[in-house]
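Colleague: Next input, structure requested:
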Amino acid sequence: MISIKVYNTVGVPKELQLLPGTTIDMEFLLPSFDDKLEGSDFSLPFRIPFTDHNRQLLGYAEHLNTNAINIPEYWRCDVYDDHVLYAQDAKLKLLSHNGRFDNKDGSYNFNVSGIKGFFGTRLKGKSMKDLALDGIINWDAAMDSREFSKDLMDGNQPQYEDRITFAPVAMTDFFGYLAQ
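Modeller: All right, here's what the predicted structure looks like:
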């Protein structure tokens, strides 16, 4: 069972009332294909009903006379699947809404997305020497850095498994140059 908790303006999460059987279909960009380091998970559109609770929580976003300044570009939310946190601090974006003119019967169309580029923005413009790492790692001189990284990620360097979480083999500008 899916549940979505939306953060209000003071940072307190409140659960949206969803339609029975609501599912959220997610799309993923594999990190190995994200050469710009800006991808994120996102959902296909899904519906949330107009209920008094949802309308109040979302600031009556469906009203024609609602001041657009009061409606955020997105709402911060947490998404749960069977009470297990699936996406923390995600974005809930209103795509459209439809229903009766008195807004008593209708639904919102939303999508959920992750924080775009969270990992990539942490690394953008940095080289290995800019990061706080656990010292210098030396490897067999017969391998260049890309070969070593691939070998490491394939599990062939067990002596480093507790010191290296990932090897940026696809980020050609990440290694930087040694100081002369």
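
Colleague: helix, strand or coil for residue 147?
Modeller: helix (DSSP: H, G, I helix; E, B strand; the rest coil).

Colleague: So for it, what's the pLDDT?
Modeller: Confidence at residue 147, expressed as pLDDT, is 82.

Colleague: how long is stretch 62-71 from one end to the other?
Modeller: Stretch 62-71 has an end-to-end distance of 10 Å (criterion: CA to CA, to the nearest Å).

Colleague: what about residue 8, how many residues close to it?
Modeller: 14 (other CB atoms under 10 Å). For every residue, glycine as well, the C-beta is placed using N, CA and C.

Colleague: ok, it touching residue 57?
Modeller: Yes: contact criterion CB atoms under 8 Å: residue 8 and residue 57 qualify, at 7.0 Å.

Colleague: shared neighbours of those two, anything?
Modeller: Listed as contacting both residue 8 and residue 57 by CB atoms under 8 Å, 6 or more residues apart in numbering are residue 14.

Colleague: now this protein, which segments are flagged as low pLDDT?
Modeller: Scanning the chain for pLDDT under 70 picks out the ranges 28-40, 64-70, 103, 115-126, 128-129, 131-135, 163-180.

Colleague: which residues are contacting the longest strand along the chain?
Modeller: Counting residues, the longest strand found in the chain (DSSP state E) is strand 84-99. The contact list for strand 84-99 (CB under 8 Å, 6+ apart) reads 4, 6, 41, 45, 50, 58, 61-62, 71, 73-80, 105-115.

Colleague: in its sheet, what does that strand sit against?
Modeller: According to DSSP bridges, strand 84-99 forms sheet pairs with strand 75-81 (antiparallel), strand 106-113 (antiparallel).

Colleague: Helices along the protein, start to end?
Modeller: Taking DSSP state H, the helices of the chain run over residues 52-57, 118-123, 145-153.

Colleague: what residues are up against the closest residue in space to residue 44 that isn't next to it in sequence?
Modeller: Nearest in space to residue 44, with sequence neighbours left out and distances taken as CB to CB, 6 or more residues apart in numbering, is residue 25 at 4.4 Å. By CB under 8 Å, 6+ apart, residue 25 lies in contact with 43-44, 46.

Colleague: How about residue 61?
Modeller: Per CB under 8 Å, 6+ apart, neighbours of residue 61: 55, 71, 94, 97, 108.

Colleague: Against residue 93, how distant is the second one?
Modeller: By that I understand residue 71. Here residue 71 is placed at a distance of 11 Å from residue 93 (CB to CB, to the nearest Å).

Colleague: number of nearby residues for residue 55?
Modeller: The burial count for residue 55: 18, using other CB under 10 Å.
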